[in-house]
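# sequence-free structure coming up:
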Ligand SMILES: Nc1ncnc2c1ncn2[C@@H]1O[C@H](COP(=O)(O)OP(=O)(O)OP(=O)(O)O)[C@@H](O)[C@H]1O
Ligand SMILES: [Mg+2]
């Protein structure tokens, strides 16, 4: 039998002064997350990772009906590709750049003197050729640059670590996390059908997993004053749906998935064409793997072996 701690840490789902602390501390006490010294950065414990892996398999099975191409991306991609996406214009506060030391012995000695003198040594670094990946499908589009797709377009199954500079006490707002994405490139109708299919499929899967999810029209956190207009347009055109569920707060449920229609933004940036020569439209569903695990641990308890049988069956957790 499992100890009652599994559920004690999961109730109530309500807001209080410190909405994030109790759940974060419970996750750490159960060694599901191991803090790494910076807000929003964790190692994953064995049971946490097991749940992520098993959900990932459920996603694979759901995606297999379409026989997508599979691509797994490293957590960095080319800076020259990053700057051709609109991320630097729309979300500059979230980006992550990789710097390195490129000097010789003399400069190295100067850097170490600063380090030992507790001065800013980081100013001696220079930007490398790579940036951290800020969204699951971003590294895909440059690989399709200046191509004309076969009739029916493309379906791609991607996964990778995503960096967003949004340090937080919320255990569900990490700086590095995984997105499992199914991406569609094709006509406007193909992209929209994909987005709508996965919205319904996602709701169905989470329902089977016993999560009280809802779908909501959402917007991305466009930066600055100009961003207000972009947020309003995104909402008005219903380009982004989120599947949300209470994790640390019922008042502010957390997005565990999003289903996005990008219009021809990426097709135009990278010269991707449909078979009849039109600029490709794209859409993606992004499953936030850590947030899904955190929602499951929140709603069913911190020990997965005590979860309801149906949930364990769907995840094939035995
Ligand atoms: N900081 C984060 N930590 C963990 N998972 C995240 C984080 N940001 C996004 N995700 C996950 O990735 C999915 C797809 O990313 P998307 O860009 O749509 O999220 P988002 O709109 O930025 O989410 P939020 O509104 O909570 O910031 C989200 O639905 C979520 O599950
Ligand atoms: Mg966000």
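Received the coordinates, thanks. Remember, it's a predicted structure, so these values are computed and weren't measured experimentally. Ligands and ions are numbered 1, 2, ... in the order given.
# list the buried residues in stretch 71-80.
Of all the residues in stretch 71-80, those buried under the rule 16 or more other CB atoms under 10 Å are 71, 73, 75, 76, 77. To be clear about C-beta, it is placed using only N, CA and C from the backbone, and glycine gets the same treatment.
# go ahead and confirm the fourth one touches residue 129.
Which is residue 76. No - using CB atoms under 8 Å, residue 76 makes no contact with residue 129, being 9.1 Å away.
# give me the number of residues near residue 53?
A count of nearby residues for residue 53, using other CB atoms under 10 Å, gives 12.
# who in the stretch 1-150 of the chain is up against ligand 1?
residue 135 (CB under 6 Å from any ligand atom).
# and the helices in the stretch 1-150 of the chain?
5-8, 21-29, 46-64, 79-82, 87-90, 105-116, 140-143 (DSSP state H, counting those that start in this stretch).
# show me what counts as buried in the fifth one.
In other words, helix 87-90. Here helix 87-90 shows 87, 90 as buried, counting by 16+ other CB under 10 Å.
# packing partners of it?
When contacts are defined as 3 or more CB pairs under 8 Å, 6 or more residues apart in numbering; DSSP states H and E, helix 87-90 packs onto no helix or strand at all.
# dump the helices of the stretch 1-150 of the chain to TSV, plus distance to residue 305 and mean pLDDT.
Formatted as TSV, those follow (distance: least, CB to CB, whole Å; pLDDT from 0 to 100):
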stretch	distance to residue 305	mean pLDDT
helix 5-8	9	39
helix 21-29	16	98
helix 46-64	9	98
helix 79-82	42	98
helix 87-90	41	96
helix 105-116	47	98
helix 140-143	37	98
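# contact partners for the residue nearest to residue 163 when sequence neighbours are not counted?
Spatial nearest neighbour of residue 163, chain neighbours left out: residue 132 (3.6 Å); criterion: CB to CB, 6 or more residues apart in numbering. With contact taken as CB atoms under 8 Å, 6 or more residues apart in numbering, residue 132 is in contact with 75, 76, 95, 96, 97, 98, 163.
# my guess is residue 51 contacts residue 297. True?
Yes - here residue 51 lies in contact with residue 297, judged by CB under 8 Å, at a distance of 7.3 Å.
# neighbour count: those two, which is higher?
Neighbour count, other CB under 10 Å: between residue 51 and residue 297, residue 297 has more, with 27 against 23.
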